[in-house]
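# Have a look at this prediction, sequence included:
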Amino acid sequence: MIDHALFDPATIDPETLRLNAEIVAAHAALPDPWSLPIEEVRARRRAGTKAAPAMPHSARAEWLTIEGPGGPLKLRVIRPKATTKLRGAYLHIHRGGWVWGAADEQDPWLERIADACGFVVLSVEYRLAPEHPYPAALQDCEAAALWLAGPGRAEFGIHALTIGGESVGAHLAVMVLLRLRDRHNQPRAFRGANLNAGFYDLGLTPSVRNWGDERLVVNTLDLTKFADGYVREGIDRRRPDVSPIYADLKGLPPALFTIGTADPLLDDTLYMSARWAAAGNGGHTAIYPGGCHVFARYPSPMSERALELIDRFLMALA
């Protein structure tokens, strides 16, 4: 049962309210991203803005190249510290609406998982839309998962595999699990999924449609544009191979769903986590009062609690 008190505005702590107001103000001071060339938006994102400061790169990160469906496919690899026992691997899929983002834009998160869990962490540098629309990103992530579940196990000397991502990265992680089950007869190649603020219905859930213009990280227009950029006109967005919320979810591994109540994608997680549980897959749904979209991106006590829970969930899978 979900604790309804989590959705009471009175439960939102003052620091979260302050942070959310600062994020909205910072975005309002920036040009509308849809008024700029996409390459400029990507460059601004990489450089960092007041609304979304850039995360530092890890000195320990390296690039590994495998064969992908569209040519060479890069994976950003961060290994645990030498003093940490190697216990498995985490395949990470980055956020960015399928149109922005990169595998090297969240190194501190990946370093944390590597060291806390003893996992080799690999982040997929998948092809971006609109230059490479659906299913290019999914095919790249599928190829990375198959490589890790095959030759990657021997290369790193590991057995326990986990997968996850944020926003559209969570969407792609679920789609990969479905493809492994349906196309490759590997329903449990990965022991669990870390799914943070996923975008599971490209036809848009009520919380997305009703959010409006306020850009608390993202708004209704942003999420609509993301879906439009990824899926070309004429494709039914309620197809299970496009929007995993409509898929048969039986036989998938346990998942940790993380969501804030001030996220336009709230319904996506509430609906998907309910269907995941109904399918008998197991897992947990963590709901954070007032948390914005992928709120763990912004340092705060609430973010630390969410990241600690993610660490514990992943460690338990090794």
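Sure, I can see it.
# for the protein, which spans come out with low pLDDT?
Applying pLDDT under 70 to the chain flags residues 1.
# how about the helices of it, start to end?
Using DSSP state H, the helices of the chain run over 14-28, 38-47, 107-117, 136-147, 153-156, 168-184, 206-209, 220-230, 266-278, 301-315.
# Does anything pack onto the first one? Which helices or strands?
To tie it back to what came earlier, the one meant is helix 14-28. Taking 3 or more C-beta pairs under 8 Å, 6 or more residues apart in numbering; DSSP states H and E as the contact definition, the neighbouring helices and strands of helix 14-28 are helix 301-315. C-beta here means a position set from N, CA and C on the backbone, and glycine is covered the same way.
# tell me which residues in the helix it packs on are buried?
By 16 or more other C-beta atoms under 10 Å, the buried positions in helix 301-315 come out as 302-303, 306-307, 309-311, 313-315.
# same question, stretch 256-271
Using 16+ other C-beta under 10 Å as the test for burial, stretch 256-271 gives 256-271.
# Same question for stretch 102-110.
Residues of stretch 102-110 classed as buried: 102-107, 109-110 (neighbour count, 16+ other C-beta under 10 Å).
# hey, C-alpha coordinates of that stretch in CSV?
Output in CSV follows, covering the C-alpha atoms of stretch 102-110 (Å, rounded to 0.1, in the frame of the first residue of the first chain):
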residue,chain,number,x,y,z
ALA,A,102,25.9,11.5,-23.0
ALA,A,103,27.5,8.6,-21.1
ASP,A,104,30.1,10.8,-19.5
GLU,A,105,27.6,13.4,-18.0
GLN,A,106,27.0,11.5,-14.6
ASP,A,107,30.4,10.1,-13.6
PRO,A,108,30.0,10.9,-9.9
TRP,A,109,26.8,8.8,-9.7
LEU,A,110,28.6,5.9,-11.5
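# Farthest pair within the buried residues of stretch 256-271?
Greatest spatial distance among the buried residues of stretch 256-271 (C-beta to C-beta): Leu256 and Pro264, at 20.5 Å.
# Give me the neighbour count for Val120.
Val120: 24 surrounding residues under other C-beta atoms under 10 Å.
# pretty sure it is in contact with Val77, am I right?
Yes - the pair Val120 and Val77 qualifies as a contact (C-beta atoms under 8 Å) at a distance of 6.6 Å.
# how much space between Pro14 and Pro301?
Separation of Pro14 from Pro301 (C-beta to C-beta, to the nearest Å): 12 Å.
# again, but for Ile158
Distance, Ile158 to Pro301, by C-beta to C-beta: 33 Å.
# Ok, which of the helices of the chain comes nearest Asp3?
For the helices of the chain, proximity to Asp3 was assessed by C-beta to C-beta; helix 266-278 is nearest, at 12.8 Å.
# Just the CA atoms of the closest one, as PDB, please.
Output of helix 266-278 as PDB, limited to C-alpha atoms (Å, rounded to 0.1, in the frame of the first residue of the first chain):
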ATOM      1  CA  LEU A 266       4.900  10.700 -11.500                       C
ATOM      2  CA  ASP A 267       2.100   8.700 -13.100                       C
ATOM      3  CA  ASP A 268       4.500   6.800 -15.300                       C
ATOM      4  CA  THR A 269       6.200   5.300 -12.200                       C
ATOM      5  CA  LEU A 270       3.000   4.800 -10.200                       C
ATOM      6  CA  TYR A 271       1.400   2.900 -13.100                       C
ATOM      7  CA  MET A 272       4.500   0.900 -14.100                       C
ATOM      8  CA  SER A 273       5.400  -0.100 -10.600                       C
ATOM      9  CA  ALA A 274       1.900  -1.300 -10.000                       C
ATOM     10  CA  ARG A 275       2.000  -3.400 -13.200                       C
ATOM     11  CA  TRP A 276       5.500  -4.700 -12.300                       C
ATOM     12  CA  ALA A 277       4.100  -5.800  -8.900                       C
ATOM     13  CA  ALA A 278       1.000  -7.400 -10.500                       C
END
